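K.L.:
coords below, sequence missing:
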């Protein structure tokens, strides 16, 4: 009898569609009326992302008990499920106050759910911490930090860049007690439970969570405990206490729930970057003809063929339009270039860099136009890649500007992003960017101010993630394009001079690992913008009388962000203010450093997977090219 009871508890039961629909309507009413809704999630919400659960028919523990092997799962390919995205949406609409998760896969964070709204009770396999720093310093990685750790062995082998202490993972194994504040966030989980009037359990067997009585408010009288709603295909030890048990898959239930609530489930979208390497390709392409049209792919096309981008397609439209060599953009351009597309825009030929670009199935995206003789190539800018710039943001280390060879974490980052396990492609990877005077001349306009021009001076880091008023991304980001465009509109004939601060100065007032780009990279980034006429490399932090007189400045502009005092505590803009030529400019953009970094963190695993898959395809092409050359050489010898 006992064995039969255990067998039945492991069985999966599905409600009939009409019954499930009725239950979802009841659940939706509870969600609407809840004053403080808390969601508890388990492995069942990630099975749709091909991550196995533990106690399902094909779960980890179930298979082990049967003596069967467990297939390896590549978590880098996993994406937030419909359930993850629905939860993030419910939180955004203030229908969910907190999420308590047993999962370590990091999918909640990548769905866009703020970290403060999550308690990851068993840790996060992509976060390691320094417990010697106060508060504990977190490092969000692109790779699984637990590869060298185990039960009671938590040191990862890497060191804290701040204090030099050993870093540890955040995982809580069976038989251990979690002691870390973040990402476990027990304090917030307990507080949320104490305030909850409704608890929704999704995809959890509750066999672990039931051991935490404070999460169930057991100290309260039964009538004052939160109403419990459970979504699970199997039996749970809390079923008898539930106000409602829904036997269905989490994605199916959440789809019906969001429909009943009238909320659209957000797609797990992707973004992309435009850096000065791309700007240089556009410069070369423009020199090949008289009129340059740039095709911009959709988020869906990029995600399908290449992997996660960093900016939305609308943001990319404006960023590319701000590059001074671009005459026109072609929105929603197909990823595979065809003769039909060229004819549609009356183009004689198309241009791409000399690195190969492949579709998701490994085909050359320019095969058709190459065969027709309507393809040209320009040189790829060495030493810059989206791969490297993304890694610099996530590593939170200054080593990307110095002592790179001595920094093990940076080496790990390079291997993790730009090199697969079986080789190295010349097109995907991290190399060193070398600035030359010729490169600056190619990017600079070479125009001097003319009589009647209004000379406007703006200064800042102009870094990838500078939150200041005058910063750009690798080439240009939408917030900073808006700022420079607003400055450009202040005069009929503007001549904008940008003062770039040296790396050490930026680090003084920005801290952390800023600047992301070094002074040479930032110089080309700014020069690529159509609104900029001149750049002062290594401009003084304080806008001095000498600087204003030397450039005959008519107006000095700054955004609405805070101005950090100079080293001596003085206002760096006191001289232009004294002269009455200082003006604040509102860019009207809400794109901030934090938002960009959140996007990167959200997609951190996809970036790793993207580059390794991209390189694997490139290596296959290289091998085929090498084989063809060898065959032709052999034929030549035989002839």
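P.N.:
Happy to help now that I have it. Quick caveat, the model's predicted, so the values are computed rather than measured. Residues are numbered from 1 along each chain as shown.
K.L.:
Tell me who's in contact with residue 156.
P.N.:
128, 145-146, 148-149, 166-169 (CB atoms under 8 Å, 6 or more residues apart in numbering). For the C-beta atoms, the positions are set from N, CA and C on the backbone; glycine is no exception.
K.L.:
Quickly find the element holding it.
P.N.:
strand 155-159 (DSSP states H and E).
K.L.:
List the buried residues of whichever helix or strand comes after that strand.
P.N.:
Counting by DSSP H and E, the next helix or strand C-terminal to strand 155-159 is strand 166-169. For strand 166-169, the neighbour count (16 or more other CB atoms under 10 Å) marks 167-169 as buried.
K.L.:
Three-state assignment for residue 175, please.
P.N.:
The three-state label given to residue 175 by DSSP: H, G, I helix; E, B strand; the rest coil is coil.
K.L.:
That one contacts residue 151, doesn't it?
P.N.:
Yes - under the criterion of CB atoms under 8 Å, residue 175 makes contact with residue 151 at 6.6 Å.
K.L.:
would residue 128 count as being in a strand?
P.N.:
Yes - using three-state DSSP, the secondary structure at residue 128 is a strand.
K.L.:
Quick check: the gap between residue 130 and residue 160.
P.N.:
Distance of residue 130 to residue 160, computed by CB to CB, to the nearest Å: 4 Å.
K.L.:
Identify the contacts common to those two.
P.N.:
137, 167.
K.L.:
Tell me which of these two has more neighbours.
P.N.:
residue 130 (22 against 18; other CB atoms under 10 Å).
K.L.:
and that one, what does it touch?
P.N.:
Residue 130 neighbours (CB under 8 Å, 6+ apart): 136-137, 139, 160, 162-163, 165, 167-168.
K.L.:
okay, among these, which ones form the most distant pair?
P.N.:
162 and 168 (14.7 Å; CB to CB).
K.L.:
Low-confidence stretches in the stretch 251-400 of the chain?
P.N.:
267-278, 305-310, 354-362, 380-400 (pLDDT under 70).
K.L.:
Could you do the stretch 51-200 of the chain as well?
P.N.:
Applying pLDDT under 70 to the stretch 51-200 of the chain flags residues 51-78, 141-143.
K.L.:
picking up where we left off before, higher neighbour count, residue 175 and residue 151?
P.N.:
residue 151 (10 against 7).
K.L.:
What does the more buried one show for phi and psi?
P.N.:
Dihedral pair for residue 151: phi -50, psi 120, per degrees, to the nearest 10.
K.L.:
Apart from its chain neighbours, what residue comes closest to it?
P.N.:
What sits nearest to residue 151 in space, not counting adjacent residues and going by CB to CB, 6 or more residues apart in numbering, is residue 173, at 4.5 Å.
K.L.:
residues near the one you found, how many?
P.N.:
By other CB under 10 Å, neighbour count at residue 173 equals 16.
K.L.:
Please tell me how far it sits from residue 181.
P.N.:
18 Å.
K.L.:
And residue 225, by the same measure?
P.N.:
In terms of CB to CB, residue 225 sits 27 Å off from residue 181.
K.L.:
ok, now residue 451?
P.N.:
62 Å.
K.L.:
More neighbours: these two, which one.
P.N.:
Per other CB under 10 Å, whichever of residue 451 and residue 181 has more neighbours is residue 181, with 14 against 5.
K.L.:
close enough to count as contact, the more buried one and residue 134?
P.N.:
No - with contacts counted by CB under 8 Å, residue 181 stays clear of residue 134, the gap being 10.8 Å.
K.L.:
now, the most widely separated pair of the contacts of residue 156?
P.N.:
It's 146 and 166 that sit farthest apart of the contacts of residue 156, by CB to CB, at 14.6 Å.
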